[in-house]
Structure formats: C-alpha cells, structure tokens
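**Student:** Sharing a model prediction with you, sequence too.
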Amino acid sequence: MPRRSPLETGEPTTEEKRDARVILNRLKKRYPQMGTALAYTDAWHLLVATVLSAQTTDENVNKVTPVLFDRWPTAHDLAAADPEQVEEVIFSAGFYRQKTKSIVALSADLVERFDGVVPQELEELVTLHGVGRKTASVVLAEAWGIPAIAVDTHVKRVTNRLGITHSSDPTKIELELRDLYPMDHWSGVSMRIIQFGRDVCDARRPRCWECPLADRCAYPEKALRPEGG
Ligand code: SF4
C-alpha cells in the first residue's frame, strides 16, 4: 500500500524516513556522481542556462550558451542587449522569443535590485523575474553546494509513483522531501531522481522490469516487461 504523505500524517515516521533512505541509497548506487549537465562557469551563467533549459534538452542549451555568454558575459551586458540579437543566438533552444524576454528581463531585474550579483538565498532568488523555486534550488545546489531540493516534472512523477508523496504541488513535495532527508542529502536527491525519471521511470512507459526500486513501488500500472517481450 502506498504510504500516506508526511503532510497528511504530520512529521514523517521513522519507517518513512528509513524507506526514503533506502530509495536514495539505491539511486546513489546507480548514479554515484550527480550534477547538472548544463555547462556553466558561475551562478549567473547557470541561472540563465536553467531558464533556457525549459522544454528542451541540456545538450541544446549547452550549444547556445557559449555564444550567448561570449557576447553578453554579465547580467549588465544581457540587460542592455538587443533582444533580436539574443533571439538569433538562442534560436535553437526553442521558444526563443519568450526565452529572450525572460533572460533579458531577469538580467535587468538582477542588475536593478542586486547590482548584477546572484543572491545566495532561496527567498531572494525566487523574487527575481521568472525564477521559481525549482530554478532557484538548482542554482543554490549546483553553483554553491547550498542544500536545496528542486522539484521538476520528473521528481513529481517519480515520488508519486513511489508513494513518497501524494501531492501534485511542487512546493509541498519539496517540503515533504526536506522532512524525509537530512539536509546534507538534499542536493543529491533531486538530480538523482531527475536522471532516474529520464532513464527508467519514464512518464509514458516506465521500465519497471529493470527498475532497482520495483520492490518499493506500489504504482499500479507497472510495465513488467518490454514491449513485445
Ligand atoms: S517500478 Fe516502475 S513505476 Fe515504480 S519507480 Fe520503478 S520504473 Fe517507476
């Protein structure tokens, strides 16, 4: 039976924490070293790259960011950029008009309120134009190693299937995961679950037949063999 979510029961029980640790340990075995695949040299570059990564692959982002940051290396530069020129550079990352507006407005906001320096507090990061908790958490965890849990579509799907949560609200899931894991494990949680969601626990056809967590998972629509197998 799926466990009730910690928010439904109050604080997670010792058993729920132990189960969550077992899941993380197995993911650590599969993914000993985890980090973002986005290329970056500082927090500012990672912040922009993370915004650009919406609806596309990290590989696509990594193809455009070297040119982007070569022409506009700082938030001050990008805030003053001609949007049409930015659109040309990031075109292949998809949704280029909207993404150009987002990164130019984000740059202007960062310059105006933080003198172009990316803040290291979640509460400040999420006040920036277009920056949500997921993006802020990626930047905190990856750029500075500050404990943070980013909840994206993969984390939402996998944690629900595993019964760790029964919420569809990313903020609630983030808070539940914070309660389940010690703070020094937070940063490794997201990246491993995201990679696992990409490799194994696929949205449409999870590869349950090769899943190292199958015995911990109560998802009723498990795919127990490959198609045609
Ligand atoms: S058993 Fe299937 S649904 Fe459950 S976590 Fe593994 S891949 Fe996902």
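**Tutor:** It's in. All figures in this text were calculated on a predicted structure; none of them were measured in a lab.
**Student:** How much space separates the residue nearest the centre of the chain from Arg113?
**Tutor:** Centroid check for the chain by Cα atoms, centre = their mean gives Ala150 as the closest residue, at 4.5 Å. Counting by Cβ to Cβ, to the nearest Å, the gap from Ala150 to Arg113 is 23 Å. Just so you know, the C-beta spots here come from the backbone N, C-alpha and C atoms, and that holds for glycine as well.
**Student:** now do Leu140
**Tutor:** Taken as Cβ to Cβ, the span from Leu140 to Arg113 is 18 Å.
**Student:** So what touches the helix of greatest length in the chain?
**Tutor:** In the chain, taking DSSP state H as the definition, the longest helix is helix 96-114. By Cβ atoms under 8 Å, 6 or more residues apart in numbering, the residues outside helix 96-114 that reach it are 44, 47-48, 51-52, 54, 75-79, 81, 83, 86-87, 90, 93, 116-118, 124, 127-131.
**Student:** Now the buried members of these.
**Tutor:** Using 16 or more other Cβ atoms under 10 Å as the burial test, the contacts of helix 96-114 include 44, 47-48, 51-52, 54, 75, 78-79, 81, 86, 90, 93, 116, 118, 128-131 as buried.
**Student:** ok, back up a step: who's more crowded, Leu140 and Arg113?
**Tutor:** Leu140 (25 against 13; other Cβ atoms under 10 Å).
**Student:** And the more buried one, what's its pLDDT?
**Tutor:** According to the prediction, Leu140 has pLDDT 96.
**Student:** One more: Ser5?
**Tutor:** At Ser5, the model reports a pLDDT of 48.
**Student:** Mind picking out the helix or strand in this structure with the poorest mean pLDDT?
**Tutor:** Using mean pLDDT, DSSP states H and E, the weakest-scoring helix or strand in the chain turns out to be helix 6-9, at a mean of 49.
**Student:** Neighbours of the residue nearest to Cys201 when sequence neighbours are not counted, how many?
**Tutor:** Leaving aside its chain neighbours, Cys201 sits nearest to Val158 (4.9 Å; criterion: Cβ to Cβ, 6 or more residues apart in numbering). Other residues near Val158 come to 25 when the count uses other Cβ under 10 Å.
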